[in-house]
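Peer 1: the sequence and its predicted three-dimensional model are supplied below.
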Amino acid sequence: MNLKKLAENKNIVIQSHDIPDADSIGSGFALQCYLRSLGAEAELVYGGPAEIQKPSLLMMLDALEIEIRYVKELPVYTDMLITVDCQRGAGNVKSFDLPDTAAVVVIDHHRPEITEDENTIIRPYLASCATLVWDLLKKEGFNMDGRVKNALYYGLYTDTNGMSELRHPLDRDLAEIQYDAGFIRKLKNSAITNDELDIIGNTLRNKEIIGPVVLFRSEPCDANLLGFASDIAQQVVHIDCCVVYCMQPHGMKLSVRSGAREIMASEIAAFLCDGAGSGGGAVEKAGGFMSLKGIAEVSAGKEPEAYLKQRMNDYLSYFDLIYAGENDIDFGAMKLYKKLPVSVGYAKSTDIFPKGAKITVRTLEGDIDTATADDIYLMIGILGEVYPIKQERFEASYRVLELPYSPTLDYVPAIISRITGERREIMPFAKACIPTDNKLVRAATLKKPSKVFTAWDTDKYFTGQPGDWLVANEGSYSDCYIVRGDIFAKTYAGIS
């Protein structure tokens, strides 16, 4: 979507959903600032049952000087309507009458509920609409001031339960922009009313145990309350994983916390919501949303809460667990494969940051935490997947081409200092290499979804699905890992 072309419509109305939250307001405000910078008349409005009353939102509007009007109808001169963080025609946004000549644009991050066209951009893999608007504005080269950055940051913060549900690397990138920490702190400290405090207390008394997971049911409430409740529940002895949920007008909102090594919060959130909505986040904190329409499509008529409990039981019996170096898998009986001479990339970790630096490698598959060292290289696969490798194994398995490595990627992996926050893209440091005939592995396709704890990180696991491959380096079966099925087919060949 070309935002600059939208400004050619001089009288634009940007509409939030009916109960505006910080994500919808912040996204609409940022878009309004951009369109006004191009000379368009852009007004921010919302409809629905009542005007904004939440203390933190009123403080946000006042401090950032955001003008958003509660309206019963749209101006008759509207040339274009842009629904932000919602979809015109869906149940959570009032469908105002429009002039026949008015264009409609949709910018949202929720599950599609309308037919998409060239005026629609919906990215359900993003955790907030603020992320989507921020990415669009960056691509347009818009110089965002402090007000816009604060609005987008706080929109992301509130829509991800305090940054616990960051799903995509773009979400994590937005979380690291410069913002006014004092201002955001004030908003955080104005987030709960006395009535909402009572809701949290009642939620923690309403629990059900399913295996190692404790479910807490909340009455309908602001999504952030679920995060507060799950944070408290997670601190209770013997609760390793909890899911706090509540029904909202158009679906079910979840907040997940996990301290169990075998259960990543991001994974269980994504599993519970799969097919009916979307979920994700971080290893210990995550969340998700299932729409009523989505639940009805996949649940064979079950009530939403019954469906949630069914999905929970499904999850607990779904995976095999494989621990590198601590399993009884007979890798030697698997077929032998060699890596094909397909050009891939590598970078020396100490070329990117000094020796001993604590870094985060940011990829589409997630964040990898490690430290730079003379003997730690970073391999870059054909789809931009990144993983560490020891210098000794690299030199035994690959031949350097002394050429730059620059594949076309959806998201360019980045290396971030965990101390200073400095961000450097990996590609300027990447060189091409090809596997030698010495790169041999034993491998077999997975028959069941599996979680594999690698030798690199015994606290986190990689998930594989049937059709993916369980792989171990020949001569070092304790070093096993997952390779996606499509990547394996392009990079390995069997040895007869």
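Peer 2: The structure has been received and is ready for your questions. Residues are numbered from 1 along each chain as shown.

Peer 1: which residues touch the residue positioned nearest the centre of the chain?
Peer 2: Central residue of the chain (C-alpha atoms, centre = their mean): R167, 1.0 Å from the mean position. R167 makes contact with 125-127, 266, 278-281 under the criterion C-beta atoms under 8 Å, 6 or more residues apart in numbering. For the C-beta atoms, the positions are set from N, CA and C on the backbone; glycine is no exception.

Peer 1: repeat that with 6 Å
Peer 2: Residues in contact with R167 (C-beta atoms under 6 Å, 6 or more residues apart in numbering) are 127, 280.

Peer 1: give the other helices and strands that the lengthiest helix in the chain contacts.
Peer 2: Taking DSSP state H as the criterion, the chain has its longest helix at helix 22-37. Secondary-structure packing of helix 22-37 (3 or more C-beta pairs under 6 Å, 6 or more residues apart in numbering; DSSP states H and E): strand 11-15, strand 41-46, helix 129-139, helix 146-159.

Peer 1: just the CA trace of the helix or strand that the longest one is followed by, in CSV.
Peer 2: On the C-terminal side of helix 146-159, the closest following helix or strand by DSSP states H and E is helix 169-174. Written as CSV, here are the backbone C-alpha positions of helix 169-174 (Å, rounded to 0.1, in the frame of the first residue of the first chain):
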residue,chain,number,x,y,z
PRO,A,169,10.9,-9.4,14.4
LEU,A,170,9.2,-6.1,13.3
ASP,A,171,7.4,-6.1,16.7
ARG,A,172,10.7,-6.5,18.5
ASP,A,173,12.2,-3.8,16.4
LEU,A,174,9.5,-1.3,17.3
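
Peer 1: so after helix 169-174, what's the next helix or strand?
Peer 2: helix 181-188.

Peer 1: quick one on the thing from earlier: ramachandran coordinates for the residue nearest to the centre of the chain?
Peer 2: Dihedral pair for R167: phi -100, psi -40, per degrees, to the nearest 10.

Peer 1: distance of it from D231?
Peer 2: Distance check for R167 against D231: by C-beta to C-beta, to the nearest Å, it reads 19 Å.

Peer 1: likewise for D108?
Peer 2: For D108 relative to D231 (C-beta to C-beta), the value is 28 Å.

Peer 1: which one's more surrounded, these two?
Peer 2: Neighbours were counted for D108 and for D231 using other C-beta atoms under 10 Å; D108 has more, 27 against 18.

Peer 1: that one touches G89, doesn't it?
Peer 2: No: counting by C-beta atoms under 6 Å, D108 stays clear of G89, with 11.4 Å between them.

Peer 1: now do the strands in the stretch 301-450 of the chain.
Peer 2: 320-323, 335-339, 344-348, 358-363, 366-371, 376-380, 386-390, 398-404, 414-417, 423-425, 431-435, 440-445, 450-453 (DSSP state E, counting those that start in this stretch).

Peer 1: from the chain's centre, how far out does the third one sit?
Peer 2: With C-alpha atoms, centre = their mean, to the nearest Å as the basis, the distance from the averaged C-alpha position of strand 344-348 to the chain average is 26 Å.

Peer 1: how about the fourth one?
Peer 2: Averaging C-alpha coordinates over strand 358-363 and over its chain gives two centres that are 16 Å apart (C-alpha atoms, centre = their mean).

Peer 1: now swap in the last one and tell me
Peer 2: For strand 450-453, the distance between its averaged C-alpha position and the chain's averaged C-alpha position is 21 Å (C-alpha atoms, centre = their mean).

Peer 1: same check on stretch 286-295?
Peer 2: Taking mean C-alpha positions (C-alpha atoms, centre = their mean), stretch 286-295 and its chain are 15 Å apart.

Peer 1: against E65, how distant is the residue nearest to the centre of the chain?
Peer 2: Distance from R167 to E65, by C-beta to C-beta: 31 Å.

Peer 1: same deal with G141?
Peer 2: Taking C-beta to C-beta, one finds G141 at 24 Å from E65.

Peer 1: pretty sure V148 is in contact with A30, am I right?
Peer 2: Yes: V148 lies in contact with A30 (C-beta under 6 Å); the separation is 4.8 Å.

Peer 1: okay, these two: which has more neighbours?
Peer 2: A30 (26 against 22).

Peer 1: pLDDT below threshold where in the stretch 151-300 of the chain?
Peer 2: For the stretch 151-300 of the chain, the stretches flagged by pLDDT under 70 are 191.

Peer 1: now do the helices in it.
Peer 2: In order along the chain, the stretch 151-300 of the chain carries the following helices (DSSP state H, counting those that start in this stretch): 169-174, 181-188, 194-204, 223-234, 265-273, 292-298.

Peer 1: quick one: closest of the ones you listed to R442.
Peer 2: With respect to R442, and counting by C-beta to C-beta, the nearest of these is helix 265-273 at 26.4 Å.

Peer 1: circling back: please tell me how far the residue nearest to the centre of the chain sits from K253.
Peer 2: 15 Å.

Peer 1: same thing with E303?
Peer 2: E303 is 16 Å from K253, by C-beta to C-beta.

Peer 1: give me the pLDDT value at the residue lying closest to E51 once chain neighbours are set aside.
Peer 2: Sequence neighbours aside, Y70 is the residue nearest to E51 in space, at 4.6 Å (criterion: C-beta to C-beta, 6 or more residues apart in numbering). The model reports Y70 with a pLDDT of 95.

Peer 1: same check, this time on L126
Peer 2: Among the per-residue scores, L126 shows a pLDDT of 91.

Peer 1: which residues does the closest residue to it other than its chain neighbours contact?
Peer 2: Distance criterion C-beta to C-beta, 6+ apart; nearest residue to L126, sequence neighbours excluded, is H109 at 4.5 Å. Counting by C-beta under 6 Å, 6+ apart, H109 makes contact with 123, 126, 129, 132.

Peer 1: mind redoing it with 8 Å?
Peer 2: Applying C-beta under 8 Å, 6+ apart to H109 gives the contacts 85, 122-124, 126-129, 131-132.

Peer 1: how near is F96 to K309?
Peer 2: Counting by C-beta to C-beta, the gap from F96 to K309 is 39 Å.

Peer 1: how about V236?
Peer 2: For V236, the distance to K309 - C-beta to C-beta - is 20 Å.

Peer 1: and the two? Which one has more around it.
Peer 2: Higher neighbour count among V236 and K309: K309, with 15 against 11, using other C-beta under 10 Å.

Peer 1: what's near enough to touch the closest residue to the more buried one other than its chain neighbours?
Peer 2: Nearest non-adjacent residue to K309, counting by C-beta to C-beta, 6+ apart: I210, 6.5 Å away. Going by C-beta under 8 Å, 6+ apart, I210 touches 309, 312-313, 316.

Peer 1: okay, and the beta partners of I210?
Peer 2: On the basis of DSSP bridges, I210 is bridged to V213.

Peer 1: burial count for D437?
Peer 2: 10.

Peer 1: in JSON lines: the helices and strands packed on helix 22-37, plus distance to I416.
Peer 2: Converted to JSON lines, these look like this (distance: least, C-beta to C-beta, whole Å):
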{"stretch": "strand 11-15", "distance to I416": "33"}
{"stretch": "strand 41-46", "distance to I416": "33"}
{"stretch": "helix 129-139", "distance to I416": "17"}
{"stretch": "helix 146-159", "distance to I416": "17"}
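
Peer 1: among these, which is nearest A489?
Peer 2: That would be helix 129-139 among the helices and strands packed on helix 22-37, by C-beta to C-beta, at 31.3 Å.

Peer 1: how far out from the middle of the chain is that closest one?
Peer 2: Offset of helix 129-139 from its chain centre (C-alpha atoms, centre = their mean): 14 Å.

Peer 1: with stretch 366-383 instead?
Peer 2: 21 Å.
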